[in-house]
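K.L.:
need a structure here:
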Amino acid sequence: MSVNVMTAKEVAKKVINKEELFILDVRNESDFNDWKIEGQNIDILNIPYFDLLEGVEEILDSIPSNKEVLVVCAKEGSSIYVAEMLSEVGLSVSYLKGGMKAWSEHLEPVKIGDLTNGGEIYQFVRLGKGCLSYMVVSDGEAAVIDSTRKPDIYLDFAASLDVKITHVFDTHLHADHISGGRQIAESTNATYWLPPKDAEEVTFDYSPLEGGNVVTIGNTDINIHALYSPGHTIGSTSFVVDERYLLSGDILFIDSIGRPDLAGLAEDWVGDLRETLYNRYRELSEELIVLPAHFMIIEELNEDGSVAKPLGTLFAENHGLNMEDEAEFRQMVTGNLPPQPNSYQEIRETNMGKITPDDDKQREMEIGPNRCAVR
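P.N.:
Prediction:
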């Protein structure tokens, strides 16, 4: 039987639509345990490639005949080899084009909603990394927020809508993924905004994004208000868009809260984190739809693949927002930190403009799960 090819976009659709899929992941056990494709109706088996060099006969009983089968590896080469062996014994299988590297980089655009006086807001879901970025569109103009390092998808998406990107924002200096904000701004002559307290060591020009800034997109009444909200980083800034959406950066997630330690200052910044979550955010309307910069678990996705919930719902359901005792909160945050993101210091230096790794190195630096949250 022939071996089929499945793209990262096709896998993303299956995850979002909760379709059944059986994955044979042939990476080594440690890489698999660190990070894998997840979904509500995805079954997954990890058998390292080197254990299959002599043949696949011993694992045939573990592979279902009534489900679509996908073989996955890091880059695709090993998965093609294993898929061909499975095909030779009569199974219909596919391999993931580009492997987990392609999965890590794929973005799935989802429309969040319409804006009051015309325009839309879109979320770009990076399922393989847990990153979320945004495009606000109004009257022929667009703003991009917390973009990933591959600018083409935003440029192409803006072109498909016949809009011009005029503003690019990063809510903070990212430590888990490389920002494409500067590249997008340079390609479009857009204004690039960055919180100045996160930008003290950057090597490039930017516009300072500070609490109280109002940036208009298009000629309609679409304003992005900057809300200073430190805690994840000292400069972290949230945006209220159209008085309906709260883009919370990495301060607040749907099922967790931001970690304060990626610059090595957890004890110093945990107080800022609590101040933002328990005071600054409490002053906002509970009807605001929270749109974070990351998600932690696949269960945070809505039925349409978006990641969004009303602020009032998070006040009721998010454990990190419901700890009255400050000492308990401090202990939960600083004593429950997950491992640091892979290559986080190199990623920070890249986002500062201090180093410029080539594309292969940047891809390698980003491989792995989202680790920006504590819960």
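
K.L.:
can we go C-alpha only for contacts and neighbour counts from here?
P.N.:
Fine.

K.L.:
Give me the local confidence score for residue 1.
P.N.:
On pLDDT, residue 1 comes in at 68.

K.L.:
so how far is residue 357 from the nearest residue to residue 355 once chain neighbours are set aside?
P.N.:
The spatial neighbour of residue 355 that comes closest, neighbours along the chain excluded (C-alpha to C-alpha, 6 or more residues apart in numbering), is residue 349 at 6.0 Å. Distance, residue 349 to residue 357, by C-alpha to C-alpha, to the nearest Å: 10 Å.

K.L.:
what's the answer for residue 105, then?
P.N.:
Taken as C-alpha to C-alpha, the span from residue 105 to residue 357 is 17 Å.

K.L.:
quick one on the thing from earlier: between residue 349 and residue 357, which is the more surrounded one?
P.N.:
With neighbours defined as other C-alpha atoms under 10 Å, residue 349 and residue 357 compare such that residue 349 has more, 19 against 13.

K.L.:
which residues of the stretch 151-300 of the chain fall in strands?
P.N.:
164-169, 191-194, 207-208, 214-216, 223-228, 237-241, 245-249, 257-258, 289-292 (DSSP state E, counting those that start in this stretch).

K.L.:
So for residue 66, which of the ones you listed sits nearest?
P.N.:
Nearest of the strands of the stretch 151-300 of the chain to residue 66, taken as C-alpha to C-alpha: strand 289-292 at 37.5 Å.

K.L.:
partners of that closest one, with directions?
P.N.:
strand 245-249 (parallel), strand 309-310 (antiparallel) (DSSP bridges).

K.L.:
tell me the mean pLDDT over that strand?
P.N.:
Averaged across strand 289-292, the pLDDT comes to 97.

K.L.:
what does stretch 192-208 give?
P.N.:
On average, stretch 192-208 scores 93.

K.L.:
gap between it and the chain center?
P.N.:
Mean-position distance between stretch 192-208 and its chain equals 22 Å (C-alpha atoms, centre = their mean, to the nearest Å).

K.L.:
Same question for that stretch: list its buried residues.
P.N.:
192, 193, 194, 195, 196, 197, 198, 199, 202, 206 (16 or more other C-alpha atoms under 10 Å).

K.L.:
The first one reaches residue 207, doesn't it?
P.N.:
Put plainly, it is residue 192. Yes. With contact defined as C-alpha atoms under 8 Å, residue 192 counts as touching residue 207 (5.9 Å).

K.L.:
Where do the helices of the stretch 251-375 of the chain begin and end?
P.N.:
For the stretch 251-375 of the chain, applying DSSP state H, counting those that start in this stretch gives helices covering 266-275, 311-317, 326-334, 344-352, 359-366.

K.L.:
now the residue nearest to residue 355: how far from residue 178?
P.N.:
The value you get for residue 349 to residue 178, if C-alpha to C-alpha is used, is 10 Å.

K.L.:
about what we covered before: what two of the buried residues of stretch 192-208 have the greatest distance between them?
P.N.:
Spanning the widest gap among the buried residues of stretch 192-208 are 192 and 197, at 15.1 Å by C-alpha to C-alpha.

K.L.:
how about low-confidence regions in the chain?
P.N.:
1, 219-223, 229-233, 260-268, 336, 338, 340-342, 370-375 (pLDDT under 70).

K.L.:
Go again with 50.
P.N.:
Scanning the chain for pLDDT under 50 picks out 221, 262.

K.L.:
thinking again about what came up before, tabulate the helices of the stretch 251-375 of the chain in CSV, adding columns for distance to residue 259.
P.N.:
Converted to CSV, the helices of the stretch 251-375 of the chain look like this (distance: least, C-alpha to C-alpha, whole Å):
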stretch, distance to residue 259
helix 266-275, 8
helix 311-317, 17
helix 326-334, 7
helix 344-352, 13
helix 359-366, 18
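
K.L.:
Can you tell me the closest non-neighbouring residue to the residue nearest the centre of the chain?
P.N.:
With distances taken as C-alpha atoms, centre = their mean, the chain has residue 131 as the residue nearest its mean C-alpha position (0.3 Å). Ranked by C-alpha to C-alpha, 6+ apart and with sequence neighbours excluded, the top spatial neighbour of residue 131 is residue 294, at 4.4 Å.
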